[in-house]
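Student: Compute the structure for the input listed below.
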Amino acid sequence: MEFLESEILENKVNDILWFIGIIIVGLLVKRLLSISLSKILYRFIRHDKVSFHTCIEMLRKPVELFIILLMVYIAFQYLHFPTSWNLVARETFGLRMVVLKCYQCVLIFSISWILIRLIKFISLIFQERAALTETKLDDQFVPFFKDLAIVTLSVTTFFTMLGIVFKIDVVALVTGLGIGGLAIALAAKETLENLFASLMLFMDLPFVVGDNIQIDKVTGDVEKIGFRSTRVKTVDGSVVTIPNRLLTAQALENMSTRQFRRAKSLIRLQQDTSADTIQKIVSEIQETVMAHKNIYTPDPGVTRFDGIGDGSLDIQVAYNVDSNNVVILNTTREEINYKIVDIVERNGAKFANPVGRA
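Tutor: Purely as a prediction, here's the structure:
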C-alpha cells in the first residue's frame, strides 16, 4: 500500500506503526510478563512462610519497568532521527547522546531495582527462619546484612553508571579522590562514626533485638539495629531512634540480662503506732511477699522497720521479682501494694501524711 510506504519525518508509516504497535503490546503484556518472570525467580528461592503474592508485589514494578525499557529499545529499531534535523553523532554531545545515556541510566537503575527487591524478598525468608530459632542474634543479623547488601549494590550501581554510561575511569576516580575524599569523610564524620559504632555493636553484642535496655533517659525494647541508628520502643509505645555512636559512647544497661528486677517501697506509719503493731505488720508483709508467685526465691528480699522519720515510723519493703519484664514487675508491685494496704488497715494502723516511696 502506498500509504504505508509514505514518510513522516523521514520515517515510513509502516515503521511508525510497528513502533506504536510494539509499545502498545509492551504496555498490555508487561503485567503478564512480570508475573511470569517472578514465577521463574520464585521457584529458585521459594519458601513456605513467604507467599508468591508477596514476591509478585515486590518484583512487579521493577520488572515491568525493565520490560517497558526492552520494548522501547526494540521499537526504536524501526525509527531514526530525520537527517534534516542535522543532529550530531551519538558519540558527540547532543540530543542523541543525551537520549542514549538517559536510557542506559534508567536501564541500569531498573536492573538494580530488581536486585534490591530480590534482596528484600530473600531477607523476608531468612527473617521467617530466624523467628523459628530460640536465639535473637539471627533476628538482628538479617536486617543488618540486608541493609549492607542494599548499600553495597547501590554504590556498585552508581559506579557502574559512571563507568559504562559516562566512560569514566572509576579506579582512577577513586584513587584520585585525595583531599576531596578527606573533605567528604570529614563532612560525613557523624555518619561514619555511626557506621563504625554499628559494627562494634555487632562485634561486642551488648544487646540484641528484643532486649530491654536503658541509656540516659530512654528505656525500652530494641526493635532494630541499623547502619546509622537503633530503634527502641518505650513502655508508652513511642519509638525512639538513637544514633549508634551514642550507644557505644555512653553507659548502657541491658535489663534483659538481669535474673530479677528489684522493687522497693517505703511505708510511713503514724508515730502513735505501737511497737507490737509495727512488728506484726512487718512480719505479715514479709510473709505476703514470700508467698507471691513472682518472687525470686534465691534472693527474695527483706522487710524491716527502717527507722523513725520526721512525723512517721518507716517500714522498708524490698523484694526481687523473678522476671526482667517491666510489665511483670509493675503488676507484681501493684498486687503486693494492695495487700500491704490491707495489712496496715487490719492491724488498726494508719499511714502518715504524706506517704512516699523510696
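Student: how about the strands in the stretch 251-358 of the chain?
Tutor: Under the criterion DSSP state E, counting those that start in this stretch, the stretch 251-358 of the chain contains strands at 252-254, 261-269, 301-309, 312-321.
Student: so what does the longest one touch, helix or strand wise?
Tutor: Using 3 or more CB pairs under 8 Å, 6 or more residues apart in numbering; DSSP states H and E as the contact definition, the elements that strand 312-321 packs against are strand 261-269, helix 275-291, strand 301-309, helix 326-346. Just so you know, the C-beta spots here come from the backbone N, C-alpha and C atoms, and that holds for glycine as well.
Student: for the protein, which helix is longest?
Tutor: When the chain is parsed with DSSP state H, its longest helix is helix 95-131.
Student: chain center to it, what's the gap?
Tutor: Helix 95-131 has its C-alpha centroid displaced from the chain centroid by 20 Å (CA atoms, centre = their mean, to the nearest Å).
Student: Buried residues, it. List them.
Tutor: 96, 101, 105, 107-119, 121-127, 130 (16 or more other CB atoms under 10 Å).
Student: Ok, stretch 199-213 next?
Tutor: So stretch 199-213, judged by 16+ other CB under 10 Å, has buried residues Leu201, Phe207, Val208, Val209, Asp211, Asn212, Ile213.
Student: and which of the residues you listed is nearest Asp15?
Tutor: Asp15 lies nearest to Val209 out of the buried residues of stretch 199-213, by CB to CB, at 58.7 Å.
Student: List the buried residues for whichever helix or strand comes after the longest helix of the chain?
Tutor: Per DSSP states H and E, the first helix or strand lying C-terminal to helix 95-131 is helix 137-160. Residues of helix 137-160 classed as buried by neighbour count (16+ other CB under 10 Å): 138-144, 146-147, 149-150, 153, 157, 160.
Student: Any figure for the gap between Asp322 and Glu253?
Tutor: Separation of Asp322 from Glu253 (CB to CB, to the nearest Å) stands at 19 Å.
Student: So between these two, which is more surrounded?
Tutor: Taking neighbours as other CB atoms under 10 Å, Asp322 and Glu253 compare with Asp322 leading, 19 against 14.
Student: What's the per-residue pLDDT of Gly176 here?
Tutor: pLDDT, Gly176: 62.
Student: Which strand or helix spans Val72?
Tutor: Secondary structure assignment for Val72, by DSSP H and E: helix 52-75.
Student: what's the angle from that helix to helix 95-131?
Tutor: 170 degrees (axes from the mean of the first three to the mean of the last three CA atoms, to 10 degrees).
Student: Touching helix 52-75 from outside, list them.
Tutor: 18-20, 22-23, 25-27, 29-31, 33-35, 37-39, 41-42, 46, 103, 106-107, 110-111, 113-114, 116-118, 120-121, 124 (CB atoms under 8 Å, 6 or more residues apart in numbering).
Student: roughly how far out does stretch 262-278 sit from the chain middle?
Tutor: Taking CA atoms, centre = their mean, the mean C-alpha location of stretch 262-278 is offset from the chain mean by 49 Å.
Student: per the record, what domains does this structure have?
Tutor: 2-174, 189-257, 261-346 (automatic domain parsing).
Student: For those, give me CSV that also has distance to Ala352.
Tutor: Formatted as CSV, the entries for these read as follows, by distance: least, CB to CB, whole Å:
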stretch, distance to Ala352
domain 2-174, 46
domain 189-257, 31
domain 261-346, 4
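Student: And the ones you listed: which comes nearest Asn353?
Tutor: Checking those against Asn353 by CB to CB gives domain 261-346 as the closest, at 7.9 Å.
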